[in-house]
Each structure stands twice: as C-alpha cells, then as structure tokens.
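Q: Here's my sequence, what's the structure:
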Amino acid sequence: MADLFDTGATPTAPSPRNRPLADRLRPAALDQVIGQAHILGPDGPLGAMLAANSLSSLIFWGPPGVGKTTIARLLADATDLHFVQISAIFTGVPDLKKVFEAARIRAGNGQGTLLFVDEIHRFNKAQQDGFLPHMEDGTILLVGATTENPSFELNAALLSRAQVLVLERLDHDDLERLAGRAEAELGKPLSLTPSARERLIEMADGDGRALLNLVEQVAAWTVDAPLDPQALGARLMRRASKYDKSGEEHYNLISALHKSVRGSDPDAALYWYARMLTGGEDPRFLARRLTRMAVEDIGLADPQAQTVCLHAWETYERLGSPEGELALAQAVIYLALAPKSNAGYVAYKAAMRSARETGSTPPPMHIRNAPTKLMKEQGYGAGYAYDHDAEDAFSGQNYFPDDMPRAEFYAPVERGFERDLKKRLDWFTRQRATREGQT
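A: The predicted model follows:
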C-alpha cells in the first residue's frame with residue numbers, strides 16, 4: 001500500500017535497502033502524511049475526532065495511492081486499537097466470522113479493534129449487513145476504503161453508521177514533496193532535467209504509490225547526463241488514466257462533457273471528449289450522447305445540430321477509429337458553438353405531465369375522427385374548420401379538450417432559429433385571440 005511521507009519526516013530506524021521504496025517511506029505518525037490536510041488538519045473531521053478522543057467508524061472514499069491504508073493504520077496507532085486489515089476481494093464469510101470472533105475475544109481482554117476493509121464495496125449486501133451488529137456493540141471500529149462512490153455501492157444501513165470522508169488525489173506540490181522525501185531516502189537526486197522531473201510527476205497522475213514506483217525505476221538507471229522529457233518518455237510508459245467505463249468516473253466525465261457543451265465552451269468540451277476516448281470509452285456511446293445534447297440543449301434553436309450529430313455518427317460507423325472520431329470531435333465543436341435552447345425539452349416534459357394529469361379526457365367533437373355514418377350522426381367531426389380554406393390558412397379553432405383550459409407548453413427563446421419560431425408563435429397567438437373575439 002502507498003505510504004505518503006512529509007519531506008520533513010525522519011525514519012525511526014534504518015531500513016534494509018532491499019525493501020520497496022514505498023515500504024521504506026512508511027509514515028510513523030499522522031503528521032507525516034502528505035496530502036489530505038482537509039481531513040487530518042486540526043479543523044478537519046479526523047483531527048477533531050482525535051482531539052476529542054472520539055473516533056467513529058469511517059469510510060474512506062478516494063482514488064488509489066492517496067493514503068487510505070496508511071491513514072487507517074496510523075489511526076489505530078493513535079487510538080491504541082489493534083489493527084486488522086482484510087480485503088473484500090479475498091475474504092469470505094468464514095473469514096469474517098473468524099475476524100469478528102478474534103475481535104470479540106480481544107474486546108473481552110480490554111483491547112479494541114480497528115478493522116480496515118480494503119475495497120469494501122466488493123462485499124455484497126448480506127456481507128455488508130454482517131458488519132452492523134459488531135459495529136453497534138463496539139466489537140470493532142470499522143474503517144472501509146473504496147474507490148467507488150459509497151452512495152451507489154454501500155448499503156444505507158452501513159452508511160448510516162459510518163462517516164464518509166473523501167480523500168483527494170495528490171496535487172503537484174504533494175507529489176513534489178514526496179519525490180523529495182524519496183530522494184532523501186535514496187541518498188541522491190534523480191538524474192532528470194527540471195522539465196523531465198515535471199513530466200515524471202505528471203505521469204504519476206495524483207497517485208503517490210505510482211510516483212514512488214516511478215522514482216524507484218529512475219533511480220536504478222545509470223546515465224551519463226540528466227534525462228530530458230523525451231529520453232524519460234522513451235524509458236517509461238505513461239500510466240493509463242483512471243477511467244472505469246461503468247463506474248463513477250464515466251458519469252463524471254460525460255457530465256463534464258455535456259455541461260461544457262451546454263456552456264458553449266468548445267475547448268473544454270473537446271478536452272473532456274478526448275479524456276473519455278483516451279480512457280477507452282466507446283465512441284458510439286459518445287455519438288449517442290452528442291445527439292442527445294443536440295435534442296435537449298440546442299433543439300429548435302439550431303435544428304441542423306441534430307443532422308450534424310447523426311452524420312458524424314454515420315461517418316464514424318463507416319470510417320471506424322481513429323479517423324471517425326474526428327467527425328465526432330467536429331460535432332462536439334458545432335454543438336458547443338450552436339445557439340442553445342431547451343424550450344422544446346421543457347415543453348415536452350410539461351405536455352407529458354399534463355397528459356398524465358388529465359387522464360383519458362377526449363378530444364373536442366369537431367376534431368374527432370368520423371369514419372362511419374353512426375359517428376357522424378353522433379356529431380363526430382361536426383364544425384371542423386379546414387385550415388387551408390381559412391384566411392392565412394389558420395382557422396384559430398380550439399384543439400384542446402372542451403373542459404381543459406388552453407395550455408402553453410412551448411416558450412421559444414430569442415436565440416438562433418427559435419427567434420423566428422417565436423415570431424410565428426406570437427403571430428398565431430394574436431390571430432387566435434382575434435378570431436376568438438370575433439365569435
């Protein structure tokens with residue numbers, strides 16, 4: 001597991017040189033942890049709990065390599081609790097029973113247990129429920145770690161008994177401090193130019209464990225002169241971006257893309273589009289979502305937007321990757337720069353809501369279908385005014401149910417093509433009022 005040190009930390013004892021660098025840099029106290037000041041500081045939730053000597057069960061939610069395991073271990077040390085670590089991936093129900101029984105015996109002897117469960121979201125509902133009685137009677141203090149959104153992956157009962165703390169990816173300064181601490185432990189600086197050092201930190205992508213692994217590789221090389229970014233890139237592969245096509249990151253990035261388009265920012269929209277592609281997203285999913293943006297957020301302000309998306313989608317299907325992805329990128333740009341209107345979307349939702357509320361209210365008699373003599377005798381279709389025969393091809397008749405007040409669902413905006421549609425709608429509204437006043 002990642003061990004994130006402050007550059008000012010002093011190892012308590014010499015470490016054998018054959019141990020991994022991450023293990024050699026294991027913090028001895030919480031104040032040596034790099035990053036996560038928002039939860040560990042005096043005003044943070046953990047800082048406040050420790051100051052009050054009142055630690056509760058916790059769920060650590062954050063990306064890999066930010067110190068979840070390390071902080072849990074140090075919390076046990078700070079509170080004199082026995083630390084037990086398990087992984088949901090490798091632990092079954094029999095193993096859990098043994099863990100709980102050992103904790104119960106320990107409690108009987110006056111020793112509390114901090115049970116750290118890595119990847120806790122991997123446990124199913126029944127297994128998660130199994131923790132509850134042992135949390136409630138104080139047998140264990142649970143600290144779970146997850147990279148997935150607890151709201152989606154953990155039971156409400158478990159969440160109600162634990163406080164969720166969000167751990168953040170390490171920023172540039174955090175990683176720079178960690179690299180400096182690693183160089184101090186190694187006893188030599190990394191043989192990198194300043195720009196190559198920046199590239200190395202960038203490659204870690206906010207993951208402290210990944211950075212230490214990269215530092216260890218670079219430190220083992222024998223080079224005649226400091227490596228520049230190109231030489232570093234030739235020797236090291238950039239780590240893959242964190243992206244789960246079915247997980248929260250998928251929804252975060254598509255949300256960022258959609259909102260960038262809605263916000264008329266083509267550069268940001270292209271960035272998130274590229275992020276999803278480099279993460280392995282299916283371009284067909286993106287094509288579908290772009291078409292949805294054209295329908296929902298642009299609509300009749302630029303009816304051509306839908307056509308652009310459908311043509312880009314078809315182009316991708318014909319060309320495939322990577323050439324077809326350019327067509328989708330151009331659709332992203334077009335959508336971002338198109339005039340925006342959700343008037344059609346709002347009108348549709350309002351009409352659906354009204355349809356549900358009015359149930360099976362029939363149409364007025366004059367616009368009902370009258371295919372038989374009996375139906376005509378019953379008044380079906382009687383009084384219908386054929387609009388093409390009326391002045392300006394507009395009769396102004398009522399087409400809503402007789403007992404339903406006239407509704408106004410569609411309110412076009414003064415942007416793009418909808419500006420013209422608004423003029424038409426206003427004209428029809430005035431004509432309808434005139435015709436009604438004449439009857």
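Q: where exactly do the strands run in this structure?
A: 58-61, 82-87, 113-118, 141-146, 163-166 (DSSP state E).
Q: Dump the ones you listed to a markdown table, plus distance to residue 51 and mean neighbour count.
A: Just so you know, the C-beta spots here come from the backbone N, C-alpha and C atoms, and that holds for glycine as well. Output for these, formatted as a markdown table (distance: least, CB to CB, whole Å; neighbours: other CB atoms under 10 Å):
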| stretch | distance to residue 51 | mean neighbour count |
| --- | --- | --- |
| strand 58-61 | 16 | 24 |
| strand 82-87 | 21 | 15 |
| strand 113-118 | 18 | 25 |
| strand 141-146 | 17 | 24 |
| strand 163-166 | 15 | 15 |
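Q: could those strands be laid out in a markdown table, adding distance to residue 234?
A: Shown next, in a markdown table, are the strands of the chain (distance: least, CB to CB, whole Å):
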| stretch | distance to residue 234 |
| --- | --- |
| strand 58-61 | 37 |
| strand 82-87 | 36 |
| strand 113-118 | 35 |
| strand 141-146 | 36 |
| strand 163-166 | 37 |
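Q: Reformat those strands as a markdown table; add mean pLDDT and distance to residue 21.
A: Listed next are the strands of the chain as a markdown table, based on pLDDT from 0 to 100; distance: least, CB to CB, whole Å:
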| stretch | mean pLDDT | distance to residue 21 |
| --- | --- | --- |
| strand 58-61 | 95 | 23 |
| strand 82-87 | 96 | 21 |
| strand 113-118 | 96 | 21 |
| strand 141-146 | 96 | 22 |
| strand 163-166 | 94 | 27 |
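Q: just so I know, which of those strands lies nearest residue 284?
A: Taking CB to CB, strand 141-146 is the member of the strands of the chain nearest to residue 284, at 29.8 Å.
Q: relative to strand 113-118, how tilted is the closest one?
A: Put simply, strand 141-146 runs at 10 degrees to strand 113-118, going by axes from the mean of the first three to the mean of the last three CA atoms, to 10 degrees.
Q: Where do the domain boundaries of this structure fall?
A: Listed domain ranges for the chain are 36-166, 172-235, 248-337, 362-438 (source: automatic domain parsing).
Q: how about stretch 93-108: buried residues?
A: Neighbour-count burial for stretch 93-108, counted by 16 or more other CB atoms under 10 Å, picks out 96, 99, 100, 103, 106, 107.
Q: What separation is there between residue 393 and residue 386?
A: Taking CB to CB, to the nearest Å as the measure, residue 393 falls 10 Å from residue 386.
Q: Kindly report the same for residue 318.
A: 46 Å.
Q: for residue 86, same thing?
A: With distances taken as CB to CB, residue 86 is found 78 Å from residue 386.
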